[in-house]
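Student: My questions are about this predicted structure, shown below with the sequence.
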Amino acid sequence: NHHQDLETIQAHLDELVGLKVIEKDDDRGQFRLHSIARRHVQDLAPQGTVPQQRALFIKHFAGFMGAVGPLYTGATYMGTDELVRLGLAAFDRDRHNIEAVLAWSREQPATIGETTAGQVMRDLFCRVAHAGRHVFKARFHPRVRIAIYTEALRRLKSSEKKETSPHTGCTVLMVNTVAGEWAGMAAELGRAHMELQEFSQASTWLEEAFVRYGTACDPCGQGWVLLDLGVVDGFQGKAQQSLARFEQSLPLLEAVEDNCGRGRCLLSIARYHVTRGETLVASKTFESALEALRLSGDKEAEADCLRYYGQLLNNAMDQYPRALEHLACARRLYEAEGDRLGVVRATNAIGAAHRNMSQVDKAKSIHGEALEMARAEGDLKGEGLSLLEIAVDLLKAGHPGEAVEIGGRTLKIFKSINYSTGCARVSNVLGNAYVQLGNVGQGVDVLEDAAKVLKRVGKRRESALCLGDLASAYYRSKNDVPSAVARCREGIVLAGASGSRKASGSLSILMDELSRQPIKSGSLVKQGKGESLFGRKSWKARHFVLTSSALTYFVDKKEKGHIYVCDMLGVTEDVDTGDGTCRDGLFGLRVKHSKGERVLVMQAKDREEAMDWMHHLRSVMQCTNGQGNQQQ
């Protein structure tokens, strides 16, 4: 009785649901039998039928991933994240089965009845690996993905078909779906290596993907690969090459009206302009990127764009209300996307904007929220960044001791994850805290190291501000004006290159103050140009003042002349008075002249005083001209 058989089957299935062996979709009235089928094939199938049953299972999930992949990627074009959630949910429900498929497909014997293992693997890796590659990116570690795609490409290579071209007579690869599938998986291999910061391997696979997409006549794929290659070049410090990749990618993506790719490309270009200090160009490019990303519905990239744009408005353009508006919007998008790490980054940026508005207590509270979220997610980098912001808040609030304690904890975190830029940022905070606590020597050493690292990794604005802190420490705590001037000048150059008006302004004010500070002053006897009736040179006492910009001499408190430091060529003890006289404490200052150079001869009260003047003159020349060691 067929009806009785159905009732019996229903009863057995309900019992299995109760035992949690299978699941039931009550809305559809369907039972999900994937997992029990896998267990049957794995443990209960007759020995001789296992290969064939595994092959059927693999083929089923090749089709399954062929449906799940487009669900996930379709969000790019339909402007909704609901498809992403559906795709990931479908994958998560069958993750154990898909992982079994991947394992079994490697174990299949050479032939299964009439189906070869190569054909089975062709079905698996050309549909599962290719169609599911975006889902794999969201769920599998980069190393796992690399293993999957490497195996897939090895099998796919063996299935490539070649034929003789009727036009050239050469053997060529057939232009079919193989090229596009190969390109897609090669691109994902490159992206997996990018995540692991293995940039050489990433470049190799991405270049391969670019060529294959060209074979497949897929300009959209080529545009995305060029975008990834630009990012890789940026990580390797090849800024100009990176920009060239982005500019090559943009027209390809615009030609196929891919707003998502176009928006992400513009975002990368904007970030390049930020690093170059081209603030206005970066701002306009961010606006264009936002427009494209909103049309595409790519909320993740839109949130990133808003966050980076908000940081530019906060750090370089001093537009704090607009910065807060963009950052708050970025945080809402991250929350809607379930991107908790993005929420932590946006929250920290919001706190930094409030600190720049002198709302230090509010900033500290916001950074405390970010710290709790980062710890809840196990995000070590986010935890370290939040602690760093709190240390800056404490330093600005006048609590250097607490800042040192928090900074020490932050430094340990960043060292544990090999985050050198973060270590340099912490060192900047610690150096300032040590100076405030009176430990000037240690503070200066720490700030010197921090400035070098920040400059090396391309953080121009931060490096400029660090050099400003270092100049202040040399000047206010060590009274070393030449060293302060040198650091301040270097900081002004970096601030100008970064486009940060705030950094440039504060450093210019400090430089103006330093240029007026006397480094050394005192009475010297200056040799004049005239001669007496007996052929002797004239010698006149003058009051000299040396600053970072000039050596000025006075008569009765009135300025009589000056020599700019930029015109100084060197100092020497080996001078000729020109009249045969011998004097103690003589030294000469070589300066530029219309006919080459001349030597200004001066006499101090003794040799020790002369040596001190020579030391300070060399110091200011070294700061300005890099000629501190030149004596002759």
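Tutor: Perfect, thanks for sending it.
Student: From what I see, F140 and Y149 are in contact.
Tutor: No - counting by Cβ atoms under 8 Å, F140 does not reach Y149; the two are 10.5 Å apart. C-beta coordinates here come from the backbone N, C-alpha and C atoms, glycine included.
Student: Comparing the two, which residue is more hemmed in?
Tutor: Ranked by neighbour count (other Cβ atoms under 10 Å), F140 and Y149 place Y149 first, with 26 against 19.
Student: what's the helix or strand for the more buried one?
Tutor: In this assignment (DSSP states H and E), Y149 forms part of helix 142-158.
Student: Which strand runs longest in the chain?
Tutor: strand 520-531 (DSSP state E).
Student: for it, packing partners?
Tutor: strand 537-546, strand 596-603, helix 607-625 (3 or more Cβ pairs under 8 Å, 6 or more residues apart in numbering; DSSP states H and E).
Student: In CSV: the ones you listed, plus mean pLDDT and mean neighbour count.
Tutor: Shown next, in CSV, are these (pLDDT from 0 to 100; neighbours: other Cβ atoms under 10 Å):
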stretch, mean pLDDT, mean neighbour count
strand 537-546, 86, 16
strand 596-603, 86, 17
helix 607-625, 83, 18
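Student: Nearest to D512, out of these?
Tutor: helix 607-625 (15.7 Å; Cβ to Cβ).
Student: Which residue would you name as the spatial centre of the protein?
Tutor: Centre of the chain computed as the mean C-alpha position; nearest residue by Cα atoms, centre = their mean is F235, 7.2 Å away.
Student: who are the neighbours in contact with that one?
Tutor: Listed by Cβ atoms under 8 Å, 6 or more residues apart in numbering, the contact set of F235 reads M194, Q197, F199.
Student: Buried ones among those residues?
Tutor: Burial by neighbour count, 16 or more other Cβ atoms under 10 Å: within those this picks out M194, F199.
Student: Take the contacts of F235 and keep only those in helices.
Tutor: The helices, defined by DSSP state H, take in M194, F199 from those.
Student: Tabulate the contacts of F235 (CSV), appending distance to F544.
Tutor: Listed next are the contacts of F235 as CSV, based on distance: Cβ to Cβ, whole Å:
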residue, distance to F544
M194, 61
Q197, 57
F199, 57
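Student: Considering the contacts of F235, which member attains the minimum pLDDT?
Tutor: Within the contacts of F235, Q197 has the lowest pLDDT, namely 82.
Student: Would you map the helices across the stretch 301-450 of the chain?
Tutor: Taking DSSP state H, counting those that start in this stretch, the helices of the stretch 301-450 of the chain run over residues 320-337, 340-356, 360-377, 380-396, 400-416, 420-436, 440-456.
Student: Show me what the fifth one is packed up against.
Tutor: The contact analysis (3+ Cβ pairs under 8 Å, 6+ apart) places helix 400-416 against helix 380-396, helix 420-436.
Student: and that helix, what's its mean pLDDT?
Tutor: pLDDT averaged over helix 400-416 gives 94.
Student: between it and helix 380-396, how many degrees?
Tutor: Helix 400-416 and helix 380-396 are oriented at 160 degrees to each other (axes from the mean of the first three to the mean of the last three Cα atoms, to 10 degrees).
Student: one step back: among the helices of the stretch 301-450 of the chain, which is nearest E181?
Tutor: helix 320-337 (29.1 Å).
Student: Dump that closest one to CSV, restricted to CA.
Tutor: Extracted C-alpha coordinates of helix 320-337, given in CSV (Å, rounded to 0.1, in the frame of the first residue of the first chain):
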residue,chain,number,x,y,z
TYR,A,320,35.2,68.0,12.6
PRO,A,321,31.4,68.2,12.2
ARG,A,322,31.5,66.7,8.7
ALA,A,323,34.0,64.1,9.9
LEU,A,324,31.7,63.0,12.7
GLU,A,325,28.8,62.8,10.3
HIS,A,326,30.7,60.5,7.9
LEU,A,327,32.1,58.4,10.6
ALA,A,328,28.7,57.9,12.3
CYS,A,329,27.2,56.9,9.0
ALA,A,330,30.1,54.4,8.5
ARG,A,331,29.5,52.9,11.9
ARG,A,332,25.8,52.4,11.2
LEU,A,333,26.6,50.6,7.9
TYR,A,334,29.2,48.4,9.7
GLU,A,335,26.5,47.5,12.3
ALA,A,336,23.9,46.7,9.6
GLU,A,337,26.5,44.5,7.8
